[in-house]
Every structure is written in structure tokens, then in C-alpha cells.
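[1] my questions are about this predicted structure, shown below with the sequence.
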Amino acid sequence: MGTSYRSLMHDRKQSFPPVVDPRVRLLVLGSLPGERSLSEQRYYAHPQNQFWALMAAATGRDLPALPYPGRLTALLEAHVGLWDVVASARRQGSTDAALQDVERHDIAALAESLPELRAIAFNGGTALRHGLRQLGPLATRWQVVALPSSSPLHTIGLAAKLPAWRALSAHISP
């Protein structure tokens, strides 16, 4: 039995709008929100995803203690923007390895629209691969930072991820 068109459309996942303002100095890009994030309409909603704890280390703000809108506000106050490299894709489950039929965001256009942007950080290898392809030669305009994924599927542990994420603070300081 083949896969129906309706089933294919049902499996198509859509990213969220960017969280940015003109003060953003660091843009952190993921791949595509997972199932839990999509169902809750919140970036990094899965409780085992370490993103908010890792960004707390980078920004010096207790992001996990804040309600979701407060987290986004605190990121912007720290001059950090947030988005994904994938606009939409078909995917069963939440793994990046399952991404198919990918439509990409125009991250180059977003980056060029941010007058204070200094660095673009990629949360995991999939985001890095897609993002560098999307930026092309423009990637040299900003510091590019490859981060270990905050996903619980990337099992090296929080302590091993922290140094790379803490180093982001150098890009957001005045």
C-alpha cells in the first residue's frame, strides 16, 4: 500500500517565525523544531532538550526559570536571535536524519537585515550543513560557530557541550 498525498502533507512540518530585533548580535539557528516543540508552538519545548540551559550559560540569565515568552524576551535583551534553517520539510518523528523534501529559510536575507549581527551559531551538524549552503559566500561576513546539538539525541552530555555554548557570550557582549 502506497503513501497517500494526504499522509505526505500531514507529515510536513513548518518552522516558526524568527525571534529577532535590530539589536541582535548573535543569531542561533537550529534545523527544524521537533514534535514536542511543534505541538506546543515553542522553540525547544522538549524538557530533555538542553537549549535553554546552554543559552543560560551563554547569556548569564536564568532562562529555564522563565515562562516561554520571558525566555524569548531575555534572549532579545541579551542581543540573541533565534530561528531555523529549515522552513518546512516532511519528517516522521523529530530526528534531523528523517528530514525529507526540505524547503529552506532565506537566512542570508535575515542575517543581512540585522545591522548589529556579529556571529551566526548553528545548533548541531544538520543546521550547520544546511546553513552554510544557504549562506554561501556571505558566510564570511560573520563569525560562524558550530555548536554541539542541544538535542537529547546528541548524547555527549551537558558538561561536554557547555564550553562551546559558553563561548557564545563573546559575540553578545558590547
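    Now that the structure is in, tell me what you want to look at.
[2] tell me where this structure has strands.
    For the chain, the strands defined by DSSP state E occupy 12-14, 26-30, 80-84, 86-90, 100-104, 119-123, 143-147.
[3] need those strands in TSV with mean pLDDT and mean neighbour count, can you?
    In this view, the C-beta of every residue, glycine as well, is placed from N, C-alpha and C. TSV is the format used below for the strands of the chain (pLDDT from 0 to 100; neighbours: other CB atoms under 10 Å):
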stretch	mean pLDDT	mean neighbour count
strand 12-14	80	15
strand 26-30	96	28
strand 80-84	96	24
strand 86-90	77	19
strand 100-104	70	13
strand 119-123	97	25
strand 143-147	97	17
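[4] check contacts around the spatially most central residue of the chain.
    Nearest to the mean C-alpha position of the chain, counting by CA atoms, centre = their mean, stands Gly30 at 2.4 Å. Counting by CB atoms under 8 Å, 6 or more residues apart in numbering, Gly30 touches 43-44, 51, 82-85, 123-124, 127.
[5] look up how far Pro174 lies from it.
    26 Å (CB to CB, to the nearest Å).
[6] how about the nearest residue to Arg23, chain neighbours excluded?
    His79 (5.3 Å; CB to CB, 6 or more residues apart in numbering).
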